[in-house]
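Q: after the sequence you'll find the predicted model.
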Amino acid sequence: MLIFRLPYTRAAVAEIHRFTDLTPTGIGHKTRCDVEFRGFLLPRGTHVLSNLTACHRDPKYWKQPMDFQPENFLDADGQYIENKEGFAPFGVGESFRVCVIHKKLDAAVESCRKLCKQMYTVSV
Ligand code: HEM
């Protein structure tokens, strides 16, 4: 897919996700058993929300969290940084309970790109 060869475009899409912070807390979850997390006991049945906004606004991960900067997702060689720490627009957790569209996003962006190419003529 061409999108994989367009690091700035990928970075801009990722930055739109970070900056807009569309789903600040994801979906509510509930613990199925007693869980100890960082010294806290979460008894079975505790409601848990992931604070995605805190990740997307944390200066530990982003130089200027309140500014829109696709460069947040580019390394020194201008390449797209995969799996950037602090970035979780589709929820946290790899194998379960993240947004179902997560892995399909690049394909969706690629479809949009093809559609735009058919509809518009771009010149510089
Ligand atoms: C930019 C667009 C989107 C964002 C940022 C987004 C984000 C999220 C987030 C944060 C969750 C909660 C994950 C969790 O904590 O469990 C979620 C769940 C989900 N999303 Fe999305 N989503 C987007 C688009 C979509 C679209 C287009 C669809 C369907 C076509 C979709 C279907 C779902 C479903 C079915 C779940 C529940 C998954 C589960 O609990 O097993 N999302 N999404």
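A: Everything's here; your move.

Q: any weak-confidence spans in this protein?
A: 1-4, 93-96, 103, 106 (pLDDT under 70).

Q: got the residues of it near the ligand?
A: Contact residues, the chain versus the ligand (Cβ under 6 Å from any ligand atom): 22-23, 26-27, 50, 89-91, 97-101. Backbone N, C-alpha and C define where each C-beta goes, glycine included.

Q: any residues touching stretch 77-92, and which ones?
A: Residues external to stretch 77-92 that are found in contact with it (Cβ atoms under 8 Å, 6 or more residues apart in numbering): 7-8, 10-11, 14, 17-18, 21-23, 26-27, 50, 52, 55-56, 58, 60-62, 72-75, 97-99, 101-102, 105.

Q: now the buried members of these.
A: Those of the contacts of stretch 77-92 that meet the buried threshold are 7, 10-11, 14, 17-18, 23, 26, 50, 52, 55-56, 62, 72-74, 98, 105, by 16 or more other Cβ atoms under 10 Å.

Q: now, the contacts of stretch 77-92 that are in helices?
A: 7-8, 10-11, 14, 17-18, 52, 55-56, 105 (DSSP state H).

Q: kindly reformat those residues as CSV containing distance to Thr31.
A: Formatted as CSV, the ones in helices among the contacts of stretch 77-92 follow (distance: Cβ to Cβ, whole Å):
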residue, distance to Thr31
Pro7, 39
Tyr8, 41
Arg10, 35
Ala11, 36
Ala14, 30
His17, 27
Arg18, 28
Leu52, 19
Cys55, 21
His56, 24
Leu105, 29
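
Q: ok, now how distant is the nearest residue to Tyr61 once chain neighbours are set aside from the ligand?
A: The spatial neighbour of Tyr61 that comes closest, neighbours along the chain excluded (Cβ to Cβ, 6 or more residues apart in numbering), is Gly86 at 3.0 Å. Relative to the ligand, Gly86 is positioned 15 Å away (Cβ to the nearest ligand atom, to the nearest Å).
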